[in-house]
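In: Below is the sequence, then the predicted model.
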Amino acid sequence: MKNSKLLKIAVFSLLTVTFSCREELETSADKAHVIEQPSVKNGRLYFPNKESLTATYQDLKKKDLGTVQHFMDAKGIESLVPIITEKNETEVISELKSRKIESLQKTSSMLMRGESVSDEDIYDDIDDLEEVVGDEVYASMLNGSAEIQIADQIYKYTDVGLFVTTEQNYSRLQNYLEVRRISPDLLIPTEASVRESFMTDKPSGDLVTLPNTDNRISYFASPVDRRSGSGGGFRGGDGSSGGSGSSGSTGGTRTGGGGFRNPPTTTPQPQEPSIASIVQNLPIGEVRKPWLGNVFGKTWTTYDKYESKRRVKVKFYSQNLYLVYAVGCKVKHQYKGWTGLWRKENAEKLGIGINSISWKFSHSLTYASDNTPREVYWLDGKMYKAANNTDYINVGPATMPTFPFSKNATVDAVIQFTTNLSGLSEEQLSKLFWEAAWKQANKFMEGQNKKLNRVAFVVDSYEQTYIQYYDFSQIEDNQDVIERIFNWGVATPQFTYTFGGGTGTGIAVTSYKFDFLQPTAVAVSMYGIAKKNGAWHGVKLNAQ
């Protein structure tokens, strides 16, 4: 009896210790997964590690811009690009003017020291700074010196690229920039000849250690075309002379030559007729391709300034900022406040339309297997493949191919063509989509009372693969901004596309690995429209 009691006590004690140890392990594991919150260090947003930056960035991406600005205000940090509201525009002008004057006073140029700074200068600066970092959330996380810190590493963005050094060697970086006459402030441009000379022999696409720095300063710039003149404007056009229709726009510039082929007017569009007619008459805007916006990738913008104090702004950006990646399209409706700054203003209706975004990838001389159908359609949960030039087979339920942007810009259909043609132009791709792929896709949808709003179009040829994205869906009420984000945040935009989809349908496949931030070429054809005071306004952005 006594032994029995002792045995029970021993078992109870063992179980108690076991549960206690398990709880301690679980508690330790929970603590290990806790993401530390950012703090402020020497005027910079500070993150103890990249996981903390990732978590904060992804959380802020879900918030509205006002909440993002409140977050930065609570940290007591002046953002590189403040989010302007009716309440803070006076303060923003004052802060930016003080920042610019202070930087001018520090420069070694006597001419620039005596330079005055007007409110008009700040208006232009705000527009220019918006082009540096297309992602407004990340731009607001950088401080006025375009810096952010992770552990002991300081990341500093300039108009010649990104510099990285440790906190202990920050003064060495300051000296490095000063000696080479590189501006430490994005409000003050580096002299063009200095900038081009510095960047000419620098590698791009990777973080590299700079020579003559004792391995203490690293450098990064995105691999983009920086030939002389590439930062100038681009006047796309299709020779159209419309614009007197329902848009009522006075902004934008129509020019002949270049540009993109508009969809045939006989092709049914997945839009309400009234919207289609508005878009048909939009002007094609003059595209800004500022140098600053293209150090880390591409930023293209255009405007319809339809009143002296109102405009529709259309922007495309594709940037590798090293710590984050950002690709997206945006339409804003803005009002010019009494201070002169452009701030967001709700429109009665706001719309974005993407006729196409095209990525071209070059690859080795290969071609999809002869067993790969020349046309494949994934839509409505099914897969259709071409049996010959006129007949199509319903393969049945099939998983649609995915892209890096699928989570944020979900497509209703993926259409895949393989062709023995090479060197396809934008006009040829457009014709192939509208006159073949789009018509056939809609035939599959006949009688289903459904429409395709977002479509991915993949074309493979002997040496290139083209990926296009079409979006016809966005018209919203009482909005000031609509953004279509192809956003993989801090993850790499690399992916492998398998022709035939790898869906288990017995199709032989060919696979390629693509990087959306390093395509051979990028082209955009999109528009933004806004209805204000009963009238429609807007502009087309065509660029490549």
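Out: Good, I have the coordinates.
In: Grab the nearest non-local neighbour of residue 88.
Out: Nearest non-adjacent residue to residue 88, counting by Cβ to Cβ, 6 or more residues apart in numbering: residue 82, 7.0 Å away. For the C-beta atoms, the positions are set from N, CA and C on the backbone; glycine is no exception.
In: State the three-state secondary structure for that neighbour.
Out: Recorded secondary structure, residue 82: coil (DSSP: H, G, I helix; E, B strand; the rest coil).
In: Enumerate every residue touching it.
Out: For residue 82, the contact set (Cβ atoms under 8 Å, 6 or more residues apart in numbering) comprises 69, 88, 92, 95-96, 140.
In: Repeat that for residue 337.
Out: By Cβ under 8 Å, 6+ apart, the neighbours of residue 337 are 86, 89, 343.
In: Please, a PyMOL command that selects the buried ones among those?
Out: Restricted to buried positions by 16 or more other Cβ atoms under 10 Å, the PyMOL selection for the contacts of residue 337 reads:
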select buried, resi 89+343
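In: Counting only strands, which of the contacts of residue 337 make the cut?
Out: Judged by DSSP state E, strands contain the following of the contacts of residue 337: residue 343.
In: how's this structure carved up into domains?
Out: In terms of domains, the chain is parsed into 39-220, 234-352, 356-472+491-523 (source: automatic domain parsing).
In: what about the strands in the stretch 201-350 of the chain?
Out: 208-209, 217-220, 234-235, 286-287, 297-307, 310-320, 325-336, 342-344, 347-362 (DSSP state E, counting those that start in this stretch).
In: Can you lay out those strands as CSV showing mean pLDDT and distance to residue 428?
Out: Below are these laid out as CSV (pLDDT from 0 to 100; distance: least, Cβ to Cβ, whole Å):
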stretch, mean pLDDT, distance to residue 428
strand 208-209, 94, 39
strand 217-220, 95, 36
strand 234-235, 30, 21
strand 286-287, 90, 22
strand 297-307, 90, 22
strand 310-320, 89, 22
strand 325-336, 86, 23
strand 342-344, 84, 38
strand 347-362, 84, 11
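In: Any chance of the ones you listed in JSON lines with distance to residue 39 as columns?
Out: Formatted as JSON lines, the strands of the stretch 201-350 of the chain follow (distance: least, Cβ to Cβ, whole Å):
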{"stretch": "strand 208-209", "distance to residue 39": "28"}
{"stretch": "strand 217-220", "distance to residue 39": "24"}
{"stretch": "strand 234-235", "distance to residue 39": "43"}
{"stretch": "strand 286-287", "distance to residue 39": "40"}
{"stretch": "strand 297-307", "distance to residue 39": "30"}
{"stretch": "strand 310-320", "distance to residue 39": "26"}
{"stretch": "strand 325-336", "distance to residue 39": "24"}
{"stretch": "strand 342-344", "distance to residue 39": "29"}
{"stretch": "strand 347-362", "distance to residue 39": "37"}
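In: about what we covered before: quick one, which of the domains of the chain gets closest to residue 479.
Out: Nearest to residue 479 among the domains of the chain is domain 234-352 (4.4 Å), distances taken as Cβ to Cβ.
In: buried set for stretch 52-62?
Out: In stretch 52-62, counting by 16+ other Cβ under 10 Å, buried: 52-57, 60-61.
In: In helices only, show me the residues you listed.
Out: 52-57, 60-61 (DSSP state H).
In: before we move on, the earlier item: tell me the one of the contacts of residue 337 nearest residue 181?
Out: residue 89 (33.3 Å).
In: Would you map the helices across the stretch 101-250 of the chain?
Out: 110-113, 119-132, 136-141, 170-179, 192-200 (DSSP state H, counting those that start in this stretch).
In: Residue 37 is in contact with residue 53, isn't it?
Out: No: assessed by Cβ atoms under 8 Å, residue 37 is found out of contact with residue 53, at 11.1 Å.
In: Nearest to residue 538, out of the domains of the chain?
Out: domain 234-352 (5.1 Å).
In: per-residue confidence averaged over stretch 129-142?
Out: Throughout stretch 129-142, pLDDT has a mean value of 78.
In: how far does it stretch from start to finish?
Out: End-to-end span of stretch 129-142 (Cα to Cα, to the nearest Å): 12 Å.
In: before we move on, what about stretch 453-465?
Out: 23 Å.
In: List the buried residues of it.
Out: 453-462, 464-465.
In: quick revisit: tabulate the contacts of residue 337 (TSV), appending distance to residue 481.
Out: Shown next, in TSV, are these (distance: Cβ to Cβ, whole Å):
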residue	distance to residue 481
86	15
89	17
343	11
